[in-house]
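[1] need the 3D shape of this:
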Amino acid sequence: LKWHKCFDCGQRFHSVVYRALGWAAWKTYVGRPETDTTRAQGMGMLGTALQQNERLEEALPILEAHLTLTRRYWSHDERGILIAQNAVANCLYELGREDEALDLEREIYARDVAMHGADHQESLVAANNIIFALVKNGSKFDEARAFGREQVALARRALGADNSLTLSIEQGNARSQWKDPDATRETLRAVAKTLQDLIRRQRRVLGANHPELLETQQDLSELEARLASLDGA
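    Numbers count the residues shown, from 1 in each chain. I've put the predicted structure just below:
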């Protein structure tokens, strides 16, 4: 679809611009039959755009409908089903339904690894989702750290240190360390340095206003506040 990224700079659309384009894409294709591929893509884009703009209650039924249609009419498209399933999992995760989301993410990851191998980009995307889901769970930090370290090494080797997916995996791996309530001062200080380096690289690769950069900056701010509280205790 032409709606996903800027033709001039190649950057993917995000925030309110992507939401507006999501509605525009859906209105453009909604009149086509259910079996039309472009119509289905427009539905999926709308659900994703609503999710990215925190309209989660609106996004979930659209994403679930997109998954149902994909399974019904494109059952041979394993990749498409996994993408649609992952979109549902991400929305469940953001709605606070972490256990349901994590179960879906583990299933997606296992199928991606079986299809492509652990160092394939699709497998790394699924792995990244698992890292964030484990951290969000709040009780699986040990598993998140062990899995995250493994995925950082795989991503750096397969994609390069400054690939946008590698940067996201590093952000998740850092969260698995500093969000652990049992993390030591030494660990927190080390992660602060990691986040400072990550922020520099994200700014260079993604741009100063990219949502993932803003999230990492917020992570560092929260981590520094936690360190200040510990140092003042």
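
[2] so what's the nearest residue to His210 once chain neighbours are set aside up against?
    With sequence-adjacent residues excluded and distances taken as C-beta to C-beta, 6 or more residues apart in numbering, His210 is closest to Gln202, at 6.8 Å. Glycine gets a C-beta too; all of them are placed from N, C-alpha and C. Taking C-beta atoms under 8 Å, 6 or more residues apart in numbering, we find Gln202 in contact with Leu167, His210, Glu212, Leu213, Thr216.

[3] which of those has the largest number of neighbours?
    Neighbours here are counted as other C-beta atoms under 10 Å. On that basis the top member of the contacts of Gln202 is Thr216, with 25 neighbours.

[4] shouldn't it be in contact with Gln171?
    Yes - between Thr216 and Gln171 a contact is recorded at 5.4 Å, counting by C-beta atoms under 8 Å.

[5] which neighbours do those two share?
    Contacts common to Thr216 and Gln171, judged by C-beta under 8 Å, 6+ apart, are Leu198.

[6] make CSV out of the contacts of Gln202 and add secondary structure, distance to Tyr29 and pLDDT.
    Rendered in CSV, the data for the contacts of Gln202 read as follows (DSSP: H, G, I helix; E, B strand; the rest coil; distance: C-beta to C-beta, whole Å; pLDDT from 0 to 100):
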residue, secondary structure, distance to Tyr29, pLDDT
Leu167, helix, 33, 97
His210, coil, 28, 93
Glu212, helix, 29, 95
Leu213, helix, 32, 96
Thr216, helix, 35, 97
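
[7] returning to what we had before: which parts of the helix or strand harbouring the residue nearest to His210 are buried?
    Mapping Gln202 onto the secondary structure by DSSP states H and E places it in helix 185-206. Going by neighbour count (16 or more other C-beta atoms under 10 Å), the buried part of helix 185-206 is Leu188, Val191, Ala192, Thr194, Leu195, Leu198, Ile199, Arg201, Gln202, Val205, Leu206.

[8] tell me where the model's unsure across this protein.
    For the chain, residues meeting the criterion pLDDT under 70 lie at 1-19, 233.
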